[in-house]
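A.B. asks: how would this look folded up:
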Amino acid sequence: MPINRPEIAEVLRKACEKGKIIVITSQCGKGTVNTLYAIGRQVKELGIVSGLDMTLECAVAKLSYLLGKVMRLLRC
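C.D. replies: Numbering: from 1, shown residues only. Reported below is the predicted structural model:
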């Protein structure tokens, strides 16, 4: 996530305020998104959820599962 693009941060903040779940993952083979670095602190302040040590593929699979559950609940 580019830290020098405040307009992106603003869009993400507004989405989080509206109840959207946004998860950030690291591109590193090992490691997590944490608050030791500026970007980790910024995403936490925006309301973005850290994917901790999940890979991108794992995060997509888990969020897809949750979306399916929500969609089933809304149909009832």
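
A.B. asks: contacts and neighbour counts: CA atoms only from here.
C.D. replies: Will do.

A.B. asks: shaky segments in the chain?
C.D. replies: 76 (pLDDT under 70).

A.B. asks: Run through the bridge partners of the spatially most central residue of it.
C.D. replies: Nearest to the geometric centre of the chain sits V23, at 1.5 Å (Cα atoms, centre = their mean). V23 has these beta-bridge partners by DSSP bridges: V49.

A.B. asks: doesn't D53 make contact with it?
C.D. replies: No - under the criterion of Cα atoms under 8 Å, V23 makes no contact with D53, lying 11.7 Å away.

A.B. asks: Restrict the host helix or strand of V70 to CA atoms and write it as PDB.
C.D. replies: Using DSSP states H and E, V70 sits in helix 56-75. Extracted C-alpha coordinates of helix 56-75, given in PDB (Å, rounded to 0.1, in the frame of the first residue of the first chain):
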ATOM      1  CA  LEU A  56      -2.900 -13.700  -0.200                       C
ATOM      2  CA  GLU A  57      -4.400 -16.900  -1.400                       C
ATOM      3  CA  CYS A  58      -5.400 -17.900   2.100                       C
ATOM      4  CA  ALA A  59      -7.000 -14.500   2.800                       C
ATOM      5  CA  VAL A  60      -9.000 -14.700  -0.400                       C
ATOM      6  CA  ALA A  61     -10.200 -18.200   0.400                       C
ATOM      7  CA  LYS A  62     -11.300 -17.300   3.900                       C
ATOM      8  CA  LEU A  63     -13.000 -14.000   2.800                       C
ATOM      9  CA  SER A  64     -14.800 -15.900   0.000                       C
ATOM     10  CA  TYR A  65     -16.100 -18.400   2.600                       C
ATOM     11  CA  LEU A  66     -17.300 -15.600   4.800                       C
ATOM     12  CA  LEU A  67     -19.000 -13.800   1.900                       C
ATOM     13  CA  GLY A  68     -20.800 -17.100   1.000                       C
ATOM     14  CA  LYS A  69     -22.100 -17.400   4.500                       C
ATOM     15  CA  VAL A  70     -23.300 -13.800   4.500                       C
ATOM     16  CA  MET A  71     -25.000 -14.200   1.100                       C
ATOM     17  CA  ARG A  72     -26.800 -17.300   2.400                       C
ATOM     18  CA  LEU A  73     -28.000 -15.400   5.500                       C
ATOM     19  CA  LEU A  74     -29.300 -12.600   3.400                       C
ATOM     20  CA  ARG A  75     -31.400 -14.900   1.200                       C
END
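
A.B. asks: Fine by me, we can end here.
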